[in-house]
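Asker: Give me the fold of what follows.
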Amino acid sequence: TPGPSTAGPRLIKKKHRALASIYLINAAIGSNLAMLAAWFLRFHVEIVPVTKGMQQIELYLSILPIITVVFPLAFAVQGLYRIRPTRSKAEEWMSVAIGSVVATVVLSGVLLWIRPPKHPDILYSLAPLGIFMLFAILFVIFGRGVMRIFASLTATSVPSEPIATCAILRTPSRPQASRL
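Answerer: Residues are numbered from 1 along each chain as shown. Here you go, the predicted structure:
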């Protein structure tokens, strides 16, 4: 059985894996919601005037599975699932922004080869992709912020990494003789 000196790092790794999994789910949900919001703003609110006709929601619903794969992969490349307590919010936000730009560019490339199922002559509108990228950045940052707040509110007595490491290093490996 592992001793008390290995319990701290094991619990920290377990907590980091759980948090990384939640961040991955956040990226998938946030990016999908961003696409739906972009479609709505583009074709119903018309923040960019519709000039070539309205595209149906089914067209954009069909690419959600691709988004669900591409965005978490781009964030993984950016290192957003490696939990580092020393990462600042600005560094994290910049990584989310870069990951979102990369994922949107990859998605745009994929969409050149994937045509809508019943209308192969229709191309995806670029305006929703631009709006989508902005919302993906905002939704993912918001989700990560909510998770950060939730994690701090539900923090257990597990020490943070530097404290755990110092405690492990200070734990004597053998009993010391008492002085007389």
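Asker: got the contact list for Phe43?
Answerer: Contacts for Phe43 (CB atoms under 8 Å, 6 or more residues apart in numbering) come out as Val50, Met54, Gln55, Pro128. In this view, the C-beta of every residue, glycine as well, is placed from N, C-alpha and C.
Asker: can you map out the helices along the chain?
Answerer: For the chain, the helices defined by DSSP state H occupy 4-40, 57-61, 64-77, 89-113, 126-153, 161-170.
Asker: Just the buried positions in the shortest one, please.
Answerer: By 16 or more other CB atoms under 10 Å, the buried positions in helix 57-61 come out as Leu59, Tyr60.
Asker: Show the pLDDT at the residue most central in space within the chain.
Answerer: The centroid of the chain falls nearest to Ala27 when counting by CA atoms, centre = their mean (3.5 Å). Looking at Ala27, its pLDDT stands at 91.
Asker: now swap in the one 10 residues further on and tell me
Answerer: In this prediction, Ala37 carries a pLDDT score of 92.
Asker: And for it, nearest residue in space, chain neighbours not counted?
Answerer: Phe135 (5.0 Å; CB to CB, 6 or more residues apart in numbering).
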